[in-house]
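[1] Got a predicted structure plus its sequence, pasted below:
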Amino acid sequence: MWEQSKAAKRRYYSGPFMQRYFVGNGIDVGGKPDPLGQYAGIFPRMTSVRTWDIDDGDAQLMAGVADGSFDFLHSSHCLEHMRDVREALANWIRIVKPGGFLIITVPDEDLYETGHWPSRFNPDHKWTFTIMKEKSWSPRSVNVLDLVRGFAGLVEVEKIELIRDFYREAMAAEGVDQTLTPVAECSIEIILRKRDSA
């Protein structure tokens, strides 16, 4: 809960977020009830951020949003709710300008779902995510490296990182959803740059 705000506090201290990623006009896909735009004054090069949520249309299709509309796309814990992860990511890439960034956060399956499917903490999750494993316990697992490799002609990888800030193994063993705490993150942060020739 409020995963975007937790990430915003961490990202505030990161030069690339301040000077490279959150620059210009962006879109925050699945941003309610914790939109990135509420921090526009904190990230000084962020001109504006449009929040796109269920009332605006299907985040998988982004119908009505023109190609190359935004300097950056942000999405915190939305991709796991999509029916088709590849189609969603393709459309998210489509609406970013060449040279622009996609900043996407998804829950890590071993830190969040912790071996349980369907998810105990969010029954609307349609997928689990791992950065890279030969075999997952989840029948609906997405290897992030495999997913991104499928778009190698369109994007380059800026960063893929496991985020486990304030994650506590003892709480995980007790079956506690650590995202309900005010500080813990248990996610994968994916940052892609759309190729200039894409």
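    Cool, got the structure. Numbers count the residues shown, from 1 in each chain.
[2] just how off-centre is the one helix or strand L89 maps to within its chain?
    According to DSSP states H and E, L89 maps onto helix 85-94. Centroid displacement of helix 85-94 relative to its chain, using C-alpha atoms, centre = their mean, to the nearest Å, is 12 Å.
[3] And for stretch 85-100?
    The chain centroid and the centroid of stretch 85-100 are separated by 13 Å under C-alpha atoms, centre = their mean.
[4] contacts for it?
    24, 27, 29, 59-62, 65-73, 75, 79, 82, 102, 104, 127, 142, 147, 150-151, 154-155, 192-198 (C-beta atoms under 8 Å, 6 or more residues apart in numbering). Bear in mind the C-beta positions are built from the backbone N, C-alpha and C, glycine included.
[5] Identify each buried residue in the least confident helix or strand in the chain by mean pLDDT, please.
    Across the helices and strands of the chain, mean pLDDT, DSSP states H and E gives its lowest value to helix 169-173, namely a mean of 93. Going by neighbour count (16 or more other C-beta atoms under 10 Å), the buried part of helix 169-173 is A172.
[6] Would you mind identifying the next helix or strand past that helix?
    strand 187-194.
[7] Please list all residues in contact with the residue nearest to L111 when sequence neighbours are not counted.
    Nearest non-adjacent residue to L111, counting by C-beta to C-beta, 6 or more residues apart in numbering: C186, 3.4 Å away. C186 makes contact with 107-108, 111-112, 163-164, 167, 178-179, according to C-beta under 8 Å, 6+ apart.
[8] what about the helices in the chain?
    3-11, 15-16, 85-94, 144-149, 169-173 (DSSP state H).
[9] would a markdown table of the ones you listed with distance to K159 be doable?
    Below are these laid out as a markdown table (distance: least, C-beta to C-beta, whole Å):
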| stretch | distance to K159 |
| --- | --- |
| helix 3-11 | 12 |
| helix 15-16 | 8 |
| helix 85-94 | 16 |
| helix 144-149 | 11 |
| helix 169-173 | 25 |
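[10] Tell me which of these approaches G41 most closely.
    Among these, helix 3-11 comes nearest to G41, with 11.5 Å by C-beta to C-beta.
[11] mean confidence for the closest one?
    For helix 3-11, the mean per-residue pLDDT is 96.
[12] just stretch 27-38 next, same as before
    If you average the pLDDT over stretch 27-38, you get 97.
[13] now the end-to-end length of that stretch.
    12 Å (C-alpha to C-alpha, to the nearest Å).
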